[in-house]
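**Q** Give me coordinates for this.
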Amino acid sequence: MPQTLFSTFAEVCKALESTAKRTQKVKILTNFLKTLQEDEIIPAITFVTGRPFPESDERVLDIGGQMAWKINAKTGQSTLVSKPVTILDVYQTFDQISKASGPGARLRKKIILDTLISRLPEFEAEYLLRIIFGEMRMGVVEGVVLEAIAFATQIQLDLVRRTYMLLGNLGDVAKICLTRGTAAVQALSVELFVPIRPMLAEMAQDVKEVFKEHGGITAFEYKYDGARIQIHRKNEKIRIFSRRLTDVTSSLPDIVQIVRDRILGLEFLIEGEVIAIGHSGRPVPFQDLMRRFRRVHEVQSMVMEVPLRLFLFDIIYLNGKMQIDVPYDERWTQLEQLVSSDLLATRLVTSDFDEAQRMMESSIMSGHEGLMAKALKSRYTPGVRGKNWFKVKPVNTVDVVIVAADWGSGRRREWLSNYHLAVRDDQSGEYFVVGKTFKGLTDDEFSTLTKRLLRIKTRESGYTVVVKPSIVVEVAFNEIQRSPHYKSKFALRFARITRFRDDKGPEDADTLLGLEHLYENQFRYKDKVSL
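**A** Next up is the predicted model:
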């Protein structure tokens, strides 16, 4: 069976782009999946979702803005060659580019990519560039891909979704479903050292909303201003993964030692939060913590400079048994038996509003963000955002993605310093702007962010630079307003950046639906005016 041509992939992309109907997109993708060879499944699914590599893959192309413009200029200049480009050719080329390092790496990357571009007609080159810069814009969101996999394999959609929760990326889901069938998928369980997608929380306005949704009683935990991790152990092997499913074990030798010395059991997957601690024993800013997660050299000196504390809050796998279907309160009991109390998240089960408010105040006074609220009988649903878990903060904040930036004026004229902030629409996969801001950053941060944005530039028009949606920032705001100026129909009033969320990918940012929920909640205390 011949390999699938990249031109075939480009035609599928064109068809997907030409329809706004979700059912039609699913049908197109279903038919395409049925034609793929086994070794083409992961690359094809990865490409159609706008990535050069799978979600948890640590490889990067590292192709900056200047190279992008040079590549763009070459599109459509293909030469006549006897052998057409296949999907696997493109995937292997991306792998070559990712491996180029050291002196002269930029030039080698450019030569490799130029060679591939020269073999493609303009129509195909356009989709190649969209993959490289994450600009597919076809409305092929996770839900569409999962439905297509279900139709292509005749495996129940709920089972396909569960597989995605456990495996963490769409390519692996498609491959196991298409090649191994229902029985293999049904037998799938949590596998140690394969990171799973973390369970997500909705935003709540206050503890009253939580009590209403959770039937009058809930478990509150401190919401730590830290980085979420999952810890896998089997016998002497210990690996730690970030919320983005990347292996950060080598950066956290002190946490590995805590796991080895202070946690009972030799086979488990547990989840928690690490925070950085200052000389006073109080938490230090999130950005200082991120220095630890990025560090790959001189790690031991950083262990002394930025000490960490671990707070555990869930158990997902224990002694060969998956725990995601066990109610939360029972999972907590198991966790208590596994670890000492000083390693557990501060927690309170209550139905008393005043008691919950005092815990909120205690969390803030201790240097943390607020509270997490968890329904006592809730299952652990990896990758799913729902009302079983809420995050409650005294200050309104949302995690948004920077999708463009304007060049500044006056003192800020050399910086990109007015940032276009967007949330993700779960239905279409698009990022909808909900406001702009230049507030909250220091001069050094303006300068650093300008360099980061220029590396992911996709195009420039006038004084606005459009970038690949990849940088997530936490933004505080005073109010959500209706706005006719944005496609989202919402705007954040007095938005200001409070911190960078480099531990989150764009898919982890808050959603348009979540913003609508927050907007409606404002009217418990205010009245609406029809305009």
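**Q** Please make it C-alpha for all contacts and neighbour counts, starting now.
**A** Fine.
**Q** Could you give me the buried positions within the longest helix seen in the chain?
**A** Among the segments of the chain that qualify as a helix by DSSP state H, the longest is helix 170-186. Under the neighbour-count criterion of 16 or more other C-alpha atoms under 10 Å, helix 170-186 has Leu170, Gly171, Asp172, Val173, Ala174, Lys175, Ile176, Cys177, Leu178, Thr182, Val185 buried.
**Q** likewise stretch 478-492?
**A** Ile480, Ser488, Phe490, Ala491, Leu492.
**Q** Where does the first one sit, in terms of helix or strand?
**A** This means Ile480. Using DSSP states H and E, Ile480 sits in strand 479-482.
**Q** Distance from the chain centre to the helix or strand that that strand is followed by, please.
**A** As assigned by DSSP H and E, the chain's next helix or strand after strand 479-482 is strand 490-493. Offset of strand 490-493 from its chain centre (C-alpha atoms, centre = their mean, to the nearest Å): 23 Å.
**Q** Can you list the neighbours in contact with strand 490-493?
**A** Under the criterion C-alpha atoms under 8 Å, 6 or more residues apart in numbering, residues Val434, Gly435, Phe477, Asn478, Glu479, Ile480, Gln481, Arg482, Ser483, Pro484 lie in contact with strand 490-493.
**Q** again, 10 Å this time
**A** Applying C-alpha atoms under 10 Å, 6 or more residues apart in numbering, the contact partners of strand 490-493 are 397-398, 421-422, 432-437, 475-485, 512, 515-516, 519.
**Q** Alpha carbons only: can I get it in PDB?
**A** Taking C-alpha atoms only, strand 490-493 is exported to PDB below (Å, rounded to 0.1, in the frame of the first residue of the first chain):
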ATOM      1  CA  PHE A 490     -16.800  40.300  25.800                       C
ATOM      2  CA  ALA A 491     -14.200  42.600  27.100                       C
ATOM      3  CA  LEU A 492     -12.100  42.500  30.300                       C
ATOM      4  CA  ARG A 493     -12.300  45.900  32.000                       C
END
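**Q** in the stretch 51-200 of the chain, what spans have low per-residue confidence?
**A** Scanning the stretch 51-200 of the chain with the threshold set as pLDDT under 70 gives 64-82.
**Q** same question for stretch 514-525, mean pLDDT?
**A** Per-residue pLDDT values over stretch 514-525 give a mean of 78.
**Q** Same question for stretch 359-372.
**A** Mean predicted confidence for stretch 359-372 is 92.
**Q** For whichever helix or strand Leu449 is part of, buried residues please.
**A** Following DSSP H and E, one finds Leu449 within helix 443-455. Residues of helix 443-455 classed as buried by neighbour count (16+ other C-alpha under 10 Å): Phe446, Ser447, Leu449, Thr450, Leu453, Leu454, Arg455.
**Q** Domain-wise, how is this structure divided?
**A** Per automatic domain parsing, the domain ranges recorded for the chain read 6-186, 200-392, 397-524.
**Q** among the ones you listed, which is nearest Phe193?
**A** Nearest of those to Phe193, taken as C-alpha to C-alpha: domain 200-392 at 5.8 Å.
**Q** ends of that closest one, how far apart?
**A** 13 Å (C-alpha to C-alpha, to the nearest Å).
**Q** If we ignore the residues flanking it in sequence, what's nearest Trp407?
**A** Nearest-residue entry for Trp407: Leu416, 4.4 Å, with adjacent residues in sequence omitted and distances by C-alpha to C-alpha, 6 or more residues apart in numbering.
**Q** how many neighbours does the one you found have?
**A** Around Leu416 there are 25 other residues, counting by other C-alpha atoms under 10 Å.
**Q** contacting residues for it?
**A** Leu416 neighbours (C-alpha under 10 Å, 6+ apart): 404-409, 438, 446-451, 453-454, 463-465.
**Q** ok, now with 6 Å
**A** With contacts defined as C-alpha atoms under 6 Å, 6 or more residues apart in numbering, Leu416 is in contact with Ala405, Asp406, Trp407, Gly408, Thr450.
**Q** which ones among those are found in strands?
**A** Ala405, Asp406, Trp407 (DSSP state E).
**Q** Lys387 belongs to a strand?
**A** Yes. Assigned with DSSP: H, G, I helix; E, B strand; the rest coil, Lys387 falls within a strand.
**Q** What count of nearby residues applies to it?
**A** By other C-alpha under 10 Å, neighbour count at Lys387 equals 19.
**Q** Grab the nearest non-local neighbour of it.
**A** The spatially closest residue to Lys387, leaving aside those adjacent along the chain, is Glu202, at 5.8 Å (C-alpha to C-alpha, 6+ apart).
**Q** Give the helix, strand or coil label for the one you found.
**A** Under three-state DSSP, Glu202 falls in the strand class.
**Q** That one and Met372, how far apart?
**A** 10 Å.
**Q** Look at the two and report which has more neighbours.
**A** More neighbours surround Met372 than the other of Glu202 and Met372, with 25 against 20 (other C-alpha under 10 Å).
**Q** Run through who's touching the helix or strand where the more buried one lies.
**A** Using DSSP H and E, the element containing Met372 is strand 370-374. Strand 370-374 is contacted from outside by 218-223, 360, 363-364, 388-393, using C-alpha under 6 Å, 6+ apart.
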